[in-house]
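Enquirer: here are the coordinates; sequence isn't available:
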C-alpha cells in the first residue's frame with residue numbers, strides 16, 4: 001500500500017458524517033484497518049463512514065454501470081466493512097462532486113452497490129437541498145421482532161438495497177443506548193445483520209426516529225433508514241401509492257435534522273435533505289503507514 005499523503009474532505013448530511021477520499025483512478029488502497037482508523041473519532045478524522053470517490057469505469061464493482069453513471073460511491077462503514085448504500089452519503093457524495101467542479105446543479109447519476117441512484121442538486125436560491133431517487137422498497141414477508149432489555153416489539157422488514165427492521169415505540173428512550181446492535185429474531189431474516197430503526201409519531205405523516213446502523217452503531221441520521229421508516233409508517237397508516245395512485249410524503253425527524261421522504265405511485269422513493277462539506281485537508285503519510 002502506498003504511504004503517500006491522501007487528500008480528504010469531511011462532510012455531513014443531517015449530521016450523518018463522512019470522511020471523503022477523492023480517488024478518480026482507484027489508485028488508493030483502503031483496507032478495512034485504514035478505513036476504521038480514519039473513522040475513529042479520537043485517533044483519526046472521525047465519521048460514520050467513508051465515501052471513496054471513484055470513476056465507475058475504474059472500479060471492478062462498478063464498470064457495468066459506467067455507461068449510466070460516471071461516478072461510483074464506494075461506501076464503507078465506520079468499522080471498515082463494505083455497505084451496499086447510504087442515503088445521506090449519496091447526498092454528500094453529490095455535494096463533493098459539485099464542490100470539485102465535476103458536476104453542476106441539476107440531475108446526476110451515481111453508481112452504488114445498491115444500483116444507480118438518480119440525484120437532483122437544487123439551485124442555491126431554492127434552498128440548495130439534494131434529492132435522491134432511492135429506488136423501490138422491498139417488503140419481505142415474515143414476522144420480525146427486535147428487543148432492548150426486557151422490551152420487545154414487532155418490526156417491519158424493509159429492504160432499501162440494504163436491510164432494515166422498523167419498530168414503532170412509545171418513547172425513543174426505549175431504544176436504549178444503541179451502542180451495540182439490538183437483538184432481533186429470527187436470525188434467518190437478516191443473515192448479514194440489519195439496520196434497526198425505532199420510531200415515534202410526531203403528527204400526521206410526521207415521525208421521529210433513532211437508528212442503530214449496522215457496522216457503525218447509533219448515528220445522527222440514516223437516509224435509507226428514513227426511507228424504510230416512511231414506507232413502514234405509510235403501510236401502518238393504510239397508505240399505499242401503488243393502490244391509490246397518489247404520492248405519499250412523510251417528514252422524518254432524525255437526531256441530526258430533518259428529511260422529507262416521498263413515495264411515488266410507481267414505487268420510487270425520493271429523499272430530500274441537506275448536504276454540507278465542512279473541511280478539506282491531507283492525511284499525513286506517517287500516520288497512514290501503520291495500517292499498511
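Expert: Right, received. Where do you want to start? Please read all numbers here as calculations on a predicted model, not as lab measurements.
Enquirer: In the stretch 101-250 of the chain, what residue spans correspond to strands?
Expert: Per DSSP state E, counting those that start in this stretch, the stretch 101-250 of the chain carries strands over the ranges 106-112, 115-121, 130-136, 144-148, 151-159, 163-168, 184-185, 195-203, 206-213, 217-219, 248-254.
Enquirer: among those strands, which gets the worst mean confidence?
Expert: Mean pLDDT across the strands of the stretch 101-250 of the chain is lowest at strand 217-219; the value there is a mean of 91.
Enquirer: How about the residue nearest the centre of the chain, nearest residue that isn't a chain neighbour?
Expert: Centroid-nearest residue in the chain: residue 86, 2.3 Å away (criterion: CA atoms, centre = their mean). Using CB to CB, 6 or more residues apart in numbering and skipping the chain neighbours, the partner closest in space to residue 86 is residue 75 (5.0 Å). For every residue, glycine as well, the C-beta is placed using N, CA and C.
Enquirer: Just give the nearest non-adjacent residue to residue 217, would you?
Expert: Excluding its sequence neighbours, the residue lying closest to residue 217 (CB to CB, 6+ apart) is residue 179, at 5.7 Å.
Enquirer: Thought residue 216 was touching that neighbour, still the case?
Expert: No. Using CB atoms under 8 Å, residue 179 is not in contact with residue 216; the gap is 10.9 Å.
Enquirer: neighbour-wise, which of these two wins?
Expert: Set residue 179 next to residue 216 and count neighbours by other CB atoms under 10 Å: residue 216 wins out with 21 against 8.
Enquirer: so what are the domain limits for this structure?
Expert: 6-129+276-291, 144-271 (automatic domain parsing).
Enquirer: Distance to residue 135 for the ones you listed - can I get that in CSV?
Expert: Below are the domains of the chain laid out as CSV (distance: least, CB to CB, whole Å):
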stretch, distance to residue 135
domain 6-129+276-291, 6
domain 144-271, 6
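Enquirer: Which pLDDT value belongs to the residue lying closest to residue 57 once chain neighbours are set aside?
Expert: Once flanking residues are discounted, residue 57 sits nearest to residue 66: 4.2 Å by CB to CB, 6+ apart. pLDDT for residue 66: 98.
Enquirer: Quick one: neighbours of residue 66, just the number.
Expert: Neighbours of residue 66 (other CB under 10 Å): 16.
Enquirer: Touching, it and residue 56? I think so.
Expert: Yes. Between residue 66 and residue 56 there is a contact at 4.0 Å, judged by CB under 8 Å.
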